[in-house]
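[1] got a structure for you, letters missing:
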């Protein structure tokens, strides 16, 4: 892919769910404003969108979940990333090493971030506590809720 890694971000499920909630915090609003204004290039995994729909469906119902995701993807230029062999292989190794701590979607997103050298924007609380050289290379931006 051709993009600037320094101005690129990968969004996890929690960030998107928080943004589509009633009262996202200012840090999340600023992030999405910079995405809308194309100051930042935003990526998310297609598998993350599945998880977002699931969480929003539980919180807000099926119809509203589908509407919110459709509106989000129409208004914000978020690139949905397909899985490829490189991402799959790296995510599988990450899941093997951190099977009790990281979800499959976290492993997929982290693999993409490591491959592309971009920052991972997440609400995951345990991510930086995981001891491993690979994860030490990960640029993490944490958001609280």
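    Received it, and whenever you're ready, just let me know what you need. These numbers were taken from a predicted model, which means no experiment stands behind them.

[2] make it CA atoms for all contacts and neighbour counts henceforth
    Noted.

[3] which residues are in contact with the residue of the chain positioned farthest from its centre?
    Relative to the centre of the chain, the most outlying C-alpha is that of residue 63, 22.6 Å out, by C-alpha atoms, centre = their mean. Contacts for residue 63 (C-alpha atoms under 8 Å, 6 or more residues apart in numbering) come out as residue 57.

[4] immediately after the worst-scoring helix or strand of the chain on mean pLDDT, which helix or strand?
    Least confident helix or strand, the chain: helix 133-136 with a mean of 68, by mean pLDDT, DSSP states H and E. Helices and strands here follow DSSP states H and E; after helix 133-136, the next one along the chain is strand 140-142.

[5] mind checking how far residue 35 is from residue 103?
    For residue 35, the distance to residue 103 equals 26 Å [C-alpha to C-alpha, to the nearest Å].

[6] can you give me the neighbour number for residue 65?
    21 (other C-alpha atoms under 10 Å).

[7] nearest spatial neighbour of residue 125, skipping sequence neighbours?
    In space, residue 125 comes closest to residue 142 once its chain neighbours are excluded; the distance is 7.9 Å by C-alpha to C-alpha, 6 or more residues apart in numbering.

[8] need phi/psi at the residue farthest from the centre of the chain.
    phi -60, psi -50 (degrees, to the nearest 10).

[9] would you agree residue 121 falls within a strand?
    Yes - using DSSP: H, G, I helix; E, B strand; the rest coil, the assignment for residue 121 is a strand.
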